[in-house]
Structure formats: C-alpha cells, structure tokens
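[1] got a predicted structure plus its sequence, pasted below:
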Amino acid sequence: MGSIKDSRQIGERIRSRRKALAMTQEELGELAGVTYQQVQKYEKGASKLSPERLQRVAAALHVPLDYFFRDEKSGRQGSVREELASYKREGSALSNEEREVLRQFRRLDTPSSRALALSLLRSLVKHAPRASIPRVGQK
C-alpha cells in the first residue's frame, strides 16, 4: 500500500473530488480563498499547497485532511473511485432539490455557517419521522 506523496497526486485528488461534487474551479477557489487559476495550478501539481490552504481546500470539498494522502488503490472506504462508481450506479445526476441544497451551502462563506447548516440538516434527519421525509424524486 503506497501513499500519495507529491503535488501532482494531491492535485489529482482535488480535481477528482471537485468533479464528483459537480463543483467548478471558480466555486472551489472562492471557498478556499484563491483564484480559479490557482485551483488549476493545484490540480495540475504546478503549485504546492501550504498546510493552511490544503485545510481550506479539504473543508471546501467536505473531506478530512488525510483524504489527500490516502492510497486510492488500497480499497479504503471513501475513495474517489468508489464515489464515482456510486454516482454512476445512481444515475450520476443530482435532483433539483439536491442541487439547490448544494448551491445554497456553497454560498455560506464561513466555517461556522457551514457547521451550523450541517448541524441543522443532521438534526432534521435524525428527528424527523421517516414517513415524512420523501425520497429523492418523490413528491
């Protein structure tokens, strides 16, 4: 089992995760506090990320920091390949409601705002009666 070691490999993980989330380079740049051109450089491995910037990118992509250093081929849960396979099995398209939730979440510009939004959503899911939560695509 190897580990990701260089900027190019980290950049590949950033690009794969960003695409899995249907996020543009502009959106990622805005959340991470850099330009889309800088995101391009990170994804190509042409520019190294500082630990602080990598932490902001991880938060924007909703992954733990160690995500960028895992061996994707090791079969560890949560790999990009598994995520992409899951999206393909599910039709790879988000519903309009899912896209709207994601769009609004991305507009939250502080970690505390994002944490509050996630907390509210988790609480809703945990405490709402199952029958009252329609499945995606149902009305």
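    Perfect, I can see it now. Numbering: from 1, shown residues only.
[2] look up how far residue 12 lies from the most centrally placed residue in the chain.
    When the chain is reduced to its mean C-alpha position, the nearest residue by CA atoms, centre = their mean turns out to be residue 61, at 2.9 Å. Distance of residue 61 to residue 12, computed by CB to CB, to the nearest Å: 13 Å. All C-beta atoms are positioned from the backbone trio N, CA, C, and that covers glycine.
[3] now residue 105: phi and psi?
    Dihedral pair for residue 105: phi -60, psi -40, per degrees, to the nearest 10.
[4] do I have it right that it meets residue 120?
    No. Taking contacts as CB atoms under 8 Å, residue 105 lies outside contact range of residue 120: 11.0 Å.
[5] who has more neighbours out of the two?
    residue 105 (14 against 10; other CB atoms under 10 Å).
[6] output the lowest mean pLDDT helix or strand found in the protein.
    Among the helical and strand segments of the chain, the one scoring lowest on mean pLDDT, DSSP states H and E is helix 80-89, with a mean of 54.
[7] burial measure for residue 51, as a count.
    7.
[8] mind pulling the model confidence for it?
    In this model, residue 51 is scored at 88, pLDDT.
[9] how far away is it from residue 107?
    Distance from residue 51 to residue 107, counting by CB to CB: 26 Å.
[10] could you do residue 33 as well?
    15 Å.
[11] try residue 37
    For residue 37, the distance to residue 107 - CB to CB - is 22 Å.
[12] ramachandran angles for residue 118?
    phi -60, psi -40.
[13] domains for the chain, by residue range?
    What automatic domain parsing lists as the domains of the chain is 1-92, 94-139.
[14] tell me which of the ones you listed is the most buried.
    For the domains of the chain, average neighbour numbers computed from mean count of other CB atoms under 10 Å are highest in domain 1-92, which has a mean of 15.
[15] mind jotting down where the helices sit in this protein?
    7-20, 25-32, 36-44, 51-60, 80-89, 96-107, 111-127 (DSSP state H).
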